[in-house]
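S.K.: Predicted model and sequence below, questions to follow.
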Amino acid sequence: MSFESSTRLRVRLLTPAARRAARERVLTVLETTGRPSTGRALDDLAAAFATFDRSELWLALAVLHGELPAASELRRIRRLTELDGPWAALQRTLTLAATGGSYPLVRVIGPGTTLLDVTGVQAGASTNGGEVAQRLASEWATAPGVVPVTWTASRKALRALTPQESIELGYPAPSLSAEEILVPHNAAYVLVGTADKPRSSECLIALGQSSDNATASIGFGLGPLIGPEAYRRQEAEERFSWHVAAQRSFGTLVVVGSGIMEHYRGWERMLPAVGFAGPKLIEFAVTPAADEAQTPNDWPAISHSVGSAIGIYAGR
């Protein structure tokens with residue numbers, strides 16, 4: 001059986017609800033990437049797969065799967081397209097999309113919007129940014145065009161906060177439903193805390209390397225790598241290394257603290273040896289303790305300066 005026949009058969013075997021959801025996602029991909037839609041969704045998508053560039057393929061997989069793709073999956077789909085044709089790639093893509101069992105609404109987030117990942121500052125999260133991360137996120141959450149987000153339970157997709165989560169963090173009521181999967185496209189993504197879970201870190205590496213989104217992260221030091229014995233187990237070298245791996249694929253890294261920039265400069269010098277150019281480093285000397293050293297009135301100005309460096313307050 002050819003890849004095309006097999007793909008069509010797999011689609012016919014889906015439940016009616018799953019087919020409708022899959023069709024909606026296909027049409028979203030075609031519309032967002034500017035590809036023609038003739039009414040024959042599968043044929044149109046196969047034709048599009050043959051011409052997708054790297055960022056378009058990232059977007060297509062994110063929308064069709066309902067989760068952000070890892071770099072390894074992007075490479076696999078690209079190889080299938082080149083070696084066996086677009087129907088082979090489409091067969092794998094739609095098969096993976098059908099294994100989740102549910103089809104939540106996927107919302108593409110476009111230009112002018114910043115997804116602010118506050119997972120690392122939620123209750124129970126481990127982040128070496130501490131008070132500074134919480135204060136920055138709290139100030140940025142109220143900025144125009146900023147949508148605070150967190151990861152789904154699978155750690156493979158982004159969603160808006162629930163009303164209760166927003167209340168707990170002291171943020172405004174969310175404007176988007178937490179039931180929707182959010183996929184940025186020509187937008188911006190900012191990581192405030194740490195991303196020390198392998199699944200989400202793998203997705204962030206691909207987001208930084210392959211998508212058309214502006215990406216930025218806040219750096220509060222490399223302590224768990226330099227002296228892991230001083231940190232709790234969940235912050236130690238093995239898990240923190242996932243966070244640093246994600247950061248090295250981002251466009252900008254704002255180093256917030258005193259006396260830690262030299263560590264990042266050393267890290268930056270090592271990146272070319274493993275094939276990474278690394279992010280643009282920007283330093284802000286803010287006291288990590290953020291208690292008596294900074295007054296509450298200082299924080300709006302501090303957050304505006306740091307936020308401007310990563311585009312949150314661009315033009316404002």
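M.R.: Now that the structure is in, tell me what you want to look at. Numbering: from 1, shown residues only.
S.K.: low-scoring stretches of the chain, by residue?
M.R.: For the chain, the stretches flagged by pLDDT under 70 are 98-101, 123-129, 223-239, 286-297, 314-316.
S.K.: could you pull out the strands for it?
M.R.: Using DSSP state E, the strands of the chain run over residues 106-109, 114-117, 146-151, 158-160, 181-184, 188-191, 214-219, 252-256, 280-284.
S.K.: With mean neighbour count and distance to His304 as extra columns, can I get those in CSV?
M.R.: Bear in mind the C-beta positions are built from the backbone N, C-alpha and C, glycine included. Shown next, in CSV, are the strands of the chain (neighbours: other Cβ atoms under 10 Å; distance: least, Cβ to Cβ, whole Å):
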stretch, mean neighbour count, distance to His304
strand 106-109, 20, 23
strand 114-117, 24, 14
strand 146-151, 22, 13
strand 158-160, 23, 24
strand 181-184, 25, 23
strand 188-191, 26, 14
strand 214-219, 25, 14
strand 252-256, 22, 13
strand 280-284, 16, 11
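S.K.: got the ones you listed as CSV, with distance to Leu90 columns?
M.R.: What follows is the strands of the chain, written out as CSV (distance: least, Cβ to Cβ, whole Å):
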stretch, distance to Leu90
strand 106-109, 17
strand 114-117, 28
strand 146-151, 27
strand 158-160, 24
strand 181-184, 19
strand 188-191, 27
strand 214-219, 28
strand 252-256, 35
strand 280-284, 37
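S.K.: The ones you listed: which one's closest to Ala133?
M.R.: strand 214-219 (6.6 Å; Cβ to Cβ).
S.K.: re the thing from before, can you tell me which of the strands of the chain is nearest to Arg20?
M.R.: Between the strands of the chain, strand 106-109 lies closest to Arg20; by Cβ to Cβ that is 13.3 Å.
S.K.: mind saving the C-alpha coords of the closest one as PDB?
M.R.: Taking C-alpha atoms only, strand 106-109 is exported to PDB below (Å, rounded to 0.1, in the frame of the first residue of the first chain):
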ATOM      1  CA  VAL A 106      -5.500  25.000  18.800                       C
ATOM      2  CA  ARG A 107      -5.200  28.800  18.800                       C
ATOM      3  CA  VAL A 108      -2.400  30.400  16.800                       C
ATOM      4  CA  ILE A 109      -1.000  33.400  18.500                       C
END
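S.K.: What pairs with it, parallel or antiparallel?
M.R.: strand 181-184 (parallel) (DSSP bridges).
S.K.: Could you list the domains of the chain?
M.R.: Domains of the chain are assigned by automatic domain parsing as 3-103, 107-309.
S.K.: The strands of the chain: which one's closest to Ala245?
M.R.: Going by Cβ to Cβ, the one of the strands of the chain nearest Ala245 is strand 214-219, 11.5 Å.
S.K.: so how far is that closest one off the chain centroid?
M.R.: 10 Å (Cα atoms, centre = their mean, to the nearest Å).
S.K.: which ones are touching the nearest residue to Arg23 once chain neighbours are set aside?
M.R.: Spatial nearest neighbour of Arg23, excluding adjacent residues (Cβ to Cβ, 6 or more residues apart in numbering): Ala41 at 5.4 Å. Shown in contact with Ala41 (Cβ atoms under 8 Å, 6 or more residues apart in numbering): 23, 26-27, 30.
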